[in-house]
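*Asks:* here are the coordinates; sequence isn't available:
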């Protein structure tokens, strides 16, 4: 089933989407709107970059374009902290073995953790590796 469902409440944005790359742009538009409406004082470039990286990984690697799976994306803004969560139905991955170092320029993958280190206040994965939470402290 093809889906892109948006739910907005005070200080919260929740999106449920089918694992399709085409929905990432729509999630970006919803993210920009959320940041503006809630006057979140963070680097929006960094938020959008990490959102794209996380959703791309969830679609390509977590869900593997499986039509029966879904990706959950949310933003919360409370107590001057923006929290982004991305979760897929996949098996997860061994995030503990990855480096936060910027990979070689010729590398085609492995930039996600370095990007999150540079553009957020912090992040964490669940043990399974199929759920990511990223945090920003608002100025």
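*Replies:* Done, it's in. Owing to the predicted nature of the structure, the values given are computational and were not obtained by experimental measurement.

*Asks:* what's the following helix or strand after the strand or helix carrying residue 27?
*Replies:* Under the criterion of DSSP states H and E, residue 27 resides in helix 23-37. Next helix or strand after helix 23-37 toward the C-terminus (DSSP H and E): helix 44-57.

*Asks:* and that following helix, what does it pack onto?
*Replies:* Under the contact definition 3 or more Cβ pairs under 8 Å, 6 or more residues apart in numbering; DSSP states H and E, helix 44-57 sits against helix 23-37, strand 71-78, strand 81-88, helix 112-119, strand 131-137. Using the backbone N, CA and C atoms, a C-beta is placed for each residue, glycine as well.

*Asks:* could you tell me the angle between the second one and helix 23-37?
*Replies:* For strand 71-78 against helix 23-37, the angle by axes from the mean of the first three to the mean of the last three Cα atoms, to 10 degrees is 10 degrees.

*Asks:* picking up where we left off before, please compute how far the helix holding residue 27 lies from its chain's middle.
*Replies:* Centroid separation for helix 23-37 versus its chain: 12 Å, with Cα atoms, centre = their mean, to the nearest Å.

*Asks:* and what about residue 59, helix, strand or coil?
*Replies:* Under DSSP: H, G, I helix; E, B strand; the rest coil, the three-state class of residue 59 is helix.

*Asks:* my guess is it contacts residue 21. True?
*Replies:* Yes. Under the criterion of Cβ atoms under 8 Å, residue 59 makes contact with residue 21 at 5.7 Å.

*Asks:* looking at those two, which one has more neighbours?
*Replies:* Legend: neighbour count by other Cβ atoms under 10 Å for residue 59 and residue 21, higher for residue 59 (24 against 11).
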